[in-house]
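A.B. asks: For reference, the sequence and a predicted model appear below.
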Amino acid sequence: MVTDPEKARKIKIKLLETFDEIAPHFDMTRYKPWPESKKFISTFQKGSYFLDLGCGNGRNSIHLAKEGMRVVGCDFSGALLEIAKNKLEWNQVQNKTEIFLGDVSSLPIKNDTFDAVLYIATVHHLPLKEERLASIKEVNRILKPGGRALISAWAQEQEKFREELKEPVQGGMEYGDIFLPWKMKAGREFQRYYHLFSKSEFEDLTKSSGLEVVRYFFSADNHYAELKKK
């Protein structure tokens with residue numbers, strides 16, 4: 001996690017600019033839900049009310065709507081949300097979905113609203129520990145009693161980052177913070193911030209939500225937590 005608030009602010013601004021810039025190319029590489037998300041979704045009855053937190057280009061929201069769920073999607077990238085809106089319309093599920101531009105650590109949503117939350121591949125983009133914790137507590141707040149959440153984050157245990165994690169930590173940052181290049185045509189390259197979580201760090205974060213742990217598991221280089229509101 002980034003320890004310098006000003007550095008964290010600049011990272012977030014740059015990350016937003018990057019996702020807005022790469023949105024069309026990103027969309028071409030993220031076109032279907034992961035199996036872990038689909039399995040979680042399949043445990044709910046049709047008509048369940050889902051929040052797709054960090055919805056990006058809408059790949060999970062589209063699947064949820066096609067499975068008969070009611071869906072609200074939230075993301076910080078306007079360019080990705082515009083793609084999501086067009087894809088929802090193309091798939092003719094726009095009447096089952098809403099999407100809005102927002103901050104995952106401060107949601108304009110009433111308490112006890114949703115049956116379920118998908119929070120996939122997003123928390124690792126938050127540079128400050130305080131923001132991560134706030135976002136996890138927001139999941140607790142907006143879930144109905146008995147509601148469940150599935151949360152994922154990139155893991156430190158990925159073999160491809162072993163050498164990179166041996167590098168000295170930069171000023172104002174901590175172990176696990178990396179910048180990963182997104183390469184475009186014509187040699188253009190953008191850097192995306194990630195915080196790679198250790199197993200214990202991810203478990204500590206999710207337990208801090210106040211939600212009951214249903215299970216933890218590891219899949220495809222990601223730590224997962226399935227949580228339930230008491």
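C.D. replies: Looks like it came in fine.
A.B. asks: hey, let's count contacts and neighbours off CA atoms from now on
C.D. replies: Will do.
A.B. asks: which helix in the protein runs the most residues?
C.D. replies: When the chain is parsed with DSSP state H, its longest helix is helix 5-29.
A.B. asks: just the helices in the protein please.
C.D. replies: Assigned by DSSP H, the chain shows helices spanning 5-29, 35-41, 59-66, 78-90, 129-142, 199-207.
A.B. asks: closest one to Phe179 among the ones you listed?
C.D. replies: helix 5-29 (10.0 Å; Cα to Cα).
A.B. asks: any chance of the helices of the chain in a markdown table, with distance to Tyr216 too?
C.D. replies: A markdown table is the format used below for the helices of the chain (distance: least, Cα to Cα, whole Å):
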| stretch | distance to Tyr216 |
| --- | --- |
| helix 5-29 | 27 |
| helix 35-41 | 12 |
| helix 59-66 | 21 |
| helix 78-90 | 29 |
| helix 129-142 | 15 |
| helix 199-207 | 8 |
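A.B. asks: Confidence-wise, which of those is weakest overall?
C.D. replies: Least confidently modelled of the helices of the chain is helix 5-29, at a mean of 94 by mean pLDDT.
A.B. asks: out of the helices of the chain, deepest packed?
C.D. replies: helix 59-66 (a mean of 24; mean count of other Cα atoms under 10 Å).
A.B. asks: next one: that helix to chain centre, how far?
C.D. replies: 15 Å (Cα atoms, centre = their mean, to the nearest Å).
A.B. asks: what sits up against that helix?
C.D. replies: For helix 59-66, the external contacting residues (Cα atoms under 8 Å, 6 or more residues apart in numbering) are 30-33, 37, 41, 50, 52, 55, 70-73, 84, 87-88, 91, 93, 96-97.
A.B. asks: Could you check how far Phe44 is from Arg162?
C.D. replies: Note on Phe44: its distance to Arg162, by Cα to Cα, to the nearest Å, is 38 Å.
A.B. asks: Could you check which of these two has the larger neighbour count?
C.D. replies: Phe44 (17 against 11; other Cα atoms under 10 Å).
A.B. asks: Looking at this structure, which strand is longest?
C.D. replies: strand 143-154 (DSSP state E).
A.B. asks: circling back to that earlier point, mind checking which of the contacts of helix 59-66 are in strands?
C.D. replies: The strands, defined by DSSP E, take in 50, 52, 70-73, 97 from the contacts of helix 59-66.
A.B. asks: Which of those lies at the shortest distance from Phe114?
C.D. replies: Nearest to Phe114 among the ones in strands among the contacts of helix 59-66: Phe50, at 5.8 Å, using Cα to Cα.
A.B. asks: neighbours around that closest one, how many?
C.D. replies: Neighbours of Phe50 (other Cα under 10 Å): 27.
A.B. asks: Tell me who's in contact with Ser105.
C.D. replies: 131-136, 138.
A.B. asks: how does it look with 10 Å?
C.D. replies: The neighbourhood of Ser105, defined by Cα atoms under 10 Å, 6 or more residues apart in numbering, consists of 123, 126, 130-139.
A.B. asks: Just put these in CSV and tack on distance to His195.
C.D. replies: Listed next are the contacts of Ser105 as CSV, based on distance: Cα to Cα, whole Å:
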residue, distance to His195
Val123, 8
Leu126, 8
Glu130, 13
Glu131, 13
Arg132, 11
Leu133, 14
Ala134, 16
Ser135, 15
Ile136, 15
Lys137, 19
Glu138, 20
Val139, 20
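A.B. asks: For Ala153, grab the count of nearby residues.
C.D. replies: When counting by other Cα under 10 Å, one arrives at 24 neighbours for Ala153.
A.B. asks: looking at it, it is touching Gly176, isn't it?
C.D. replies: No. Here Ala153 does not reach Gly176: they are 11.9 Å apart, not a contact under Cα atoms under 10 Å.
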